[in-house]
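>>> Make a model of this:
(4 chains)
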There are 2 protein chains.
Amino acid sequence: MSLLVHPSTENITLVGLLGALADPVRLLIVVGLLKGQGCMSCAEASPCPGIAKSTLSNHFRMLRQAGLIRTTKRGVEHRNVVRKDEIDALFPGLLELVVKLAEKESAENRPVGGDGGWPRSVGP
Amino acid sequence: MSLLVHPSTENITLVGLLGALADPVRLLIVVGLLKGQGCMSCAEASPCPGIAKSTLSNHFRMLRQAGLIRTTKRGVEHRNVVRKDEIDALFPGLLELVVKLAEKESAENRPVGGDGGWPRSVGP
DNA sequence: TCAATAGTCCCATAATATCGAACTACTGAA
DNA sequence: TTCAGTAGTTCGATATTATGGGACTATTGA
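Numbers count the residues shown, from 1 in each chain, chains lettered A, B, ... in the order given. Here you go, the predicted model:
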């Protein structure tokens, strides 16, 4: 059963948000949500080829737990929206800048994330 | 032997930087470096009680691998500095904003990071 | 009622983080 | 030179976390 627990605003932390954004898939999801509008299906939200459904579900759960998105059931699917107003109040400028930098990075031919160099990509 | 490998600027990614900052200890280290100046000992850099020396060493390695800091040997200790100019060129405004938000968070009595709510702090 | 769809949950496996202990490198005495 | 002390890294074991397949739940529409 999905209870769709969301943290209250006082439990949203900067480290939590950064961690939620520190994954290529999740970053693309969030940028997509912010540039488009609230998105429907998980699969729809992400330009993710060959990622298991359960993994995608986990990514959305992580975004939810970090307080980045709010998920509501709408019929058979889940509607995810970024908690923009709340996050802007807590951490003004963060979402805007991340979106801008992600777009800058991809515009410079450096695929957003890629493997992200995170975690674990450079030797000792 | 420590080779102190640093990624070249083209291998510094947004996801990598966010991941490096997505830890309470590392965030405090980076903020400390940016607010103070290049720091000497790992132990000195971090206001970290009861964190194992090897763990701290790993945190510095992660910051290094993400391209956030540059480490040079100076005598018996390692000198760590934030690669500010390079990161500012790649991702303008990121470091400044993160420092500002971390300070805002702690000013609001919400200890920066805490356990950070990341990873894993809210139930299903 | 039944099939189809959207997502979650559970499990096993793989990848990471943490920390103690051993080790390396450098410094500054004696 | 030798030796003790300091700063960090590396290694091994353990614990935590992510991934993906498959089963399961809930909702919709025929």
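
>>> rest of the way, CA atoms for contacts and neighbours
Will do.

>>> how about stretch A:80-95, does it reach DNA strand C?
No. Between stretch A:80-95 and DNA strand C, judged by Cα under 7 Å from any atom of the strand, nothing touches; the nearest distance is 8.0 Å.

>>> And residue A:97, which helix or strand is it part of?
Residue A:97 is located in helix A:94-107, with elements delineated by DSSP states H and E.

>>> What mean pLDDT does that helix get?
Helix A:94-107 comes out with an average pLDDT of 96.

>>> now do stretch A:5-18
On average, stretch A:5-18 scores 95.

>>> returning to that earlier point: so for the helix holding residue A:97, what gets flagged as buried?
Using 16 or more other Cα atoms under 10 Å in any protein chain shown as the test for burial, helix A:94-107 gives A:94, A:95, A:97, A:98, A:99, A:101, A:102, A:103, A:104, A:105.

>>> Give the other helices and strands that that helix contacts.
Helix A:94-107 makes packing contacts with helix A:24-35, helix A:84-90, helix B:14-21 when contacts are defined by 3 or more Cα pairs under 8 Å, 6 or more residues apart in numbering or on different chains; DSSP states H and E.

>>> winner for burial among those helices?
The highest average neighbour count among the helices and strands packed on helix A:94-107, using mean count of other Cα atoms under 10 Å in any protein chain shown, belongs to helix B:14-21 at a mean of 27.

>>> Who are the packing partners of it?
The contact analysis (3+ Cα pairs under 8 Å, 6+ apart) places helix B:14-21 against helix A:14-21, helix A:94-107, helix B:24-35.

>>> CA atoms only: put the longest one into PDB for me.
Read that as helix A:94-107. Only the C-alpha atoms of helix A:94-107 are listed here, as PDB (Å, rounded to 0.1, in the frame of the first residue of the first chain):
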ATOM      1  CA  LEU A  94      18.200  26.700  -5.600                       C
ATOM      2  CA  LEU A  95      15.800  25.200  -8.100                       C
ATOM      3  CA  GLU A  96      16.100  28.000 -10.500                       C
ATOM      4  CA  LEU A  97      19.900  27.700 -10.500                       C
ATOM      5  CA  VAL A  98      20.000  24.000 -10.800                       C
ATOM      6  CA  VAL A  99      17.700  24.000 -13.800                       C
ATOM      7  CA  LYS A 100      19.800  26.800 -15.400                       C
ATOM      8  CA  LEU A 101      23.100  24.900 -14.800                       C
ATOM      9  CA  ALA A 102      21.700  21.600 -16.000                       C
ATOM     10  CA  GLU A 103      20.600  23.300 -19.200                       C
ATOM     11  CA  LYS A 104      24.000  25.000 -19.500                       C
ATOM     12  CA  GLU A 105      25.700  21.800 -19.100                       C
ATOM     13  CA  SER A 106      23.700  20.000 -21.700                       C
ATOM     14  CA  ALA A 107      24.000  23.000 -24.100                       C
END
